[in-house]
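*Asks:* Okay, here's the prediction I keep looking at, along with the sequence it came from:
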Amino acid sequence: MLAYTMRRLMVAIPTMLVIIAVAFFMMRLAPGSPFDTERALSPEIRAQLMSFYGFDKPLYIQFLDYLKGLATFDLGPSLIYKDQTVSEIIGSGFPVSMTIGLAALLLATFVGVPMGLFAALKQNSLPDYSIMAIAMAGICIPSLVTGPILSLVFGVYLGWLPTAGLDLGKMTFETLLLPVVTLSLAQIAIISRLVRSSAVEVLRSNFVRTARAKGLPEGQVLAKHALRAALLPLVSYLGPACAGLITGSVVVETVFQLPGIGKNFVTSALQRDYPVVMAVVVLYAGLIILLNLLADLAYGLLDPKVKYE
Amino acid sequence: MTLLTTPQEKAELLEAAVKGRSLWEDARRRLFRNKAAVGSMIVLGTLTFLAIFGPFFWPHDYETIYNDRVLEAPTWEHLHIFGTDPQGRDLFVRLLYGLRMSLAVGLVATGVSLLIGVIWGATAGYIGGRVDQIMMRIVDVLYALPFIFFVIILMVVFGRNLILIFVAIGAVEWLTMARIVRGQTISLRKKEFVEAAEAAGVTSSSIVTRHIVPNVLGPVVVYVTLTIPAVILTESFLSFLGLGVQEPMTSLGNLISIGAREMEIAPWLLIFPATTMMITLFCFNFIGDGLRDAIDPRDR
């Protein structure tokens, strides 16, 4: 297990390097610069800015400098917000995104799993069909549709919840409810479909039949034998699910005007604020790799058939 | 039980018994028995027809601005049946253009991903060995990229050009396709009917075209139908963030983003594009599910 973890981490290093390199060179080779302002800067000032940020050095040296900085957790200054370092920008946006993402994932699991299990137990009945119809709707209706509609209904027409905005450091239940629900809808749909199909398969399997044959009450058959096996695919889904929540959160943060990291990313990319863009990419790539590894390790712990050498 | 009397009846029965149904014939029959899939095909066909030919017969143009009819609610007057947008343009015709754009992006980008994915996957699976390992390792590394970020960087960096949208999204979606095709190719190469064909002396090119390709086609077709809605979603997501197609051209995501901005005073600007998008995505998903049930031999 330890050896497996180490090997996975070793593979993660070249992957991260590729990601950093692709993002770095893509941004640098592009036309346009962060110093393109309405009024053209004088050549002297421009040259000074370039040398201050090290943009006058050869590209590969800049890349190596960046890697050196990364290794010491120095993400550099923001090119647009002169009074903030990249770490500060990420530090203020990340908690917002993480709170929304985690809450949405929890909500999706606690709603999606029972829905899927219930549908599997009542297979091919009216409840099953209606749950699967709801799940289909959840998959087909993207967050950029549900977000505005929820905000229109609950914020504008009913006036129960705020439609947008979040004061920094003041994340209240009311302000987070709509974004979290919006973000979780698609996940609820995917999780309930996943759990249903794996539970249907498990309920037909031999060990469940054995458990029933030896006279266990149905509740115990489900709780002790079927549930664990049925939830296995969910564990390996949670890695990619986080990736889904990340991309979804860009839309949700835009719709609800939340100062999260996804919104940071889009504005920084538009303003050519390279260090911020790079930091977000590195952070998310690292998170995805880490979460996938954790999901695989958890899978190994839960499934006795899987052995890591 | 009645005995067969005439020789003619006997011959007919014999012929019916001998004439088997092919795999695809079987799949087609199962697909057409699926009401949701057939309904979706009809709806989607109608929508596509409207999107392509509708604008020619509509009295308004997608970029004509009526300064005196800004943000008009749906009305029969001047035939603004879906109302007008903040610039005073007819929403119905813009919706048709938006749908056309979204469908085009969906089809072309999926085509790009199909091309790259099938060639990559089939090559890796068929050659096998070290080449396979290297090719699939590349796919693994690319899988870990936060792709939506790269698409955003691409759009920002190289400007919002239409061809780039097609290529960028297609280049994002080919990875799963490559994996599916590779897996299928490898498992098929070990199947008894391929061995039988080899033993009977069929050339390897005939084996690929007659046995491998038709069998890989099933899962690929299913995956293509499910990729199209994913691509449409990605494009609308980009347009929603203001990085997709540019005004005055439009797409469903672009219309939804305008609708979301104006929803408090003009809810129809959100409701009509959002509904159109949902219907389109529903249709593709139902057809995809129907095709999977029809083609996937495991469920037989």
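*Replies:* Great, that's in hand. Numbers count the residues shown, from 1 in each chain, chains lettered A, B, ... in the order given.
*Asks:* So which bits of the stretch 201-300 of chain B are right by chain A?
*Replies:* Residues of the stretch 201-300 of chain B found near chain A (Cβ under 8 Å from any Cβ of the partner chain) are B:229, B:233, B:236-237, B:240-241, B:243, B:253, B:256-257, B:259-260, B:263-264, B:267, B:270, B:274, B:277-278, B:281-282, B:285-286. Placement of C-beta: from N, CA and C, glycine included.
*Asks:* again, only using 7 Å
*Replies:* B:233, B:236-237, B:240-241, B:253, B:256, B:259-260, B:263-264, B:267, B:270, B:274, B:277-278, B:281-282, B:285 (Cβ under 7 Å from any Cβ of the partner chain).
*Asks:* What count of nearby residues applies to residue 85?
*Replies:* Picking chain A for this. Using other Cβ atoms under 10 Å in any protein chain shown, A:Thr85 has 17 other residues around it.
*Asks:* Sorry, I should have been clearer: chain B.
*Replies:* 22.
*Asks:* Next one: it from chain A, what distance?
*Replies:* The gap separating B:Asp85 from chain A is 15 Å, by Cβ to the nearest Cβ, to the nearest Å.
*Asks:* Spatially nearest residue to that residue (excluding sequence neighbours)?
*Replies:* Distances taken as Cβ to Cβ, 6 or more residues apart in numbering or on different chains place B:Leu91 nearest to B:Asp85, at 5.7 Å, with adjacent residues excluded.
*Asks:* just checking, the one you found touches B:Ile271?
*Replies:* No: look at B:Leu91 against B:Ile271 with Cβ atoms under 7 Å: they stay out of range, at 10.3 Å.
*Asks:* Comparing these two, which residue is more hemmed in?
*Replies:* B:Leu91 (26 against 19).
*Asks:* For B:Trp174, which residues are in contact?
*Replies:* By Cβ atoms under 7 Å, 6 or more residues apart in numbering or on different chains, B:Trp174 lies in contact with B:Ser113, B:Ile116, B:Gly117.
*Asks:* actually A:Arg8, sorry about that
*Replies:* A:Leu293.
*Asks:* what does A:Met27 give?
*Replies:* So A:Met27 contacts A:Tyr274, A:Val277, B:Ile153, B:Val157 (Cβ under 7 Å, 6+ apart).
*Asks:* Below-threshold pLDDT in the chain: ranges please.
*Replies:* Using chain A here. A:30-40, A:163-172, A:240, A:243-244, A:246-248, A:306-309 (pLDDT under 70).
*Asks:* I was after chain B.
*Replies:* Residue ranges of chain B with pLDDT under 70: B:1-21, B:71, B:73, B:144-148, B:159-160, B:296-300.
*Asks:* those helices in the stretch 1-150 of chain B, which residues are they?
*Replies:* For the stretch 1-150 of chain B, applying DSSP state H, counting those that start in this stretch gives helices covering B:7-18, B:23-33, B:35-57, B:91-127, B:129-143, B:147-158.
*Asks:* Spatially nearest residue to B:Leu99, not counting backbone neighbours?
*Replies:* In space, B:Leu99 is closest to B:Ala51, 4.3 Å off (Cβ to Cβ, 6+ apart).
*Asks:* Isn't the one you found up against B:Met101?
*Replies:* No: under the criterion of Cβ under 7 Å, B:Ala51 is not in contact with B:Met101, lying 8.8 Å apart.
*Asks:* Quick check: the gap between A:Ile20 and B:Phe149.
*Replies:* A:Ile20 is 12 Å from B:Phe149, where distance means Cβ to Cβ, to the nearest Å.
*Asks:* between those two, which one's more packed in?
*Replies:* When A:Ile20 and B:Phe149 are compared for neighbours, B:Phe149 comes out ahead with 23 against 19, by other Cβ under 10 Å.
*Asks:* Within range of chain B, give me the residues from chain A.
*Replies:* Near chain B, when you scan chain A using Cβ under 7 Å from any Cβ, you find A:15, A:18-19, A:23, A:26-27, A:30, A:136, A:139-142, A:144-145, A:148-149, A:152, A:156, A:246-247, A:250-251, A:254-255, A:265-266, A:269-270, A:277, A:280-281, A:284-285, A:288-289.
*Asks:* Helices - which of these land there?
*Replies:* If you go by DSSP state H, the residues of chain A next to chain B have A:15, A:18-19, A:23, A:26-27, A:136, A:139-140, A:144-145, A:148-149, A:246-247, A:250-251, A:254-255, A:265-266, A:269-270, A:277, A:280-281, A:284-285, A:288-289 in helices.
*Asks:* of these, buried ones?
*Replies:* A:15, A:18-19, A:23, A:26-27, A:136, A:139-140, A:144-145, A:148-149, A:246-247, A:250-251, A:254-255, A:265-266, A:269, A:277, A:280-281, A:284-285, A:288-289 (16 or more other Cβ atoms under 10 Å in any protein chain shown).
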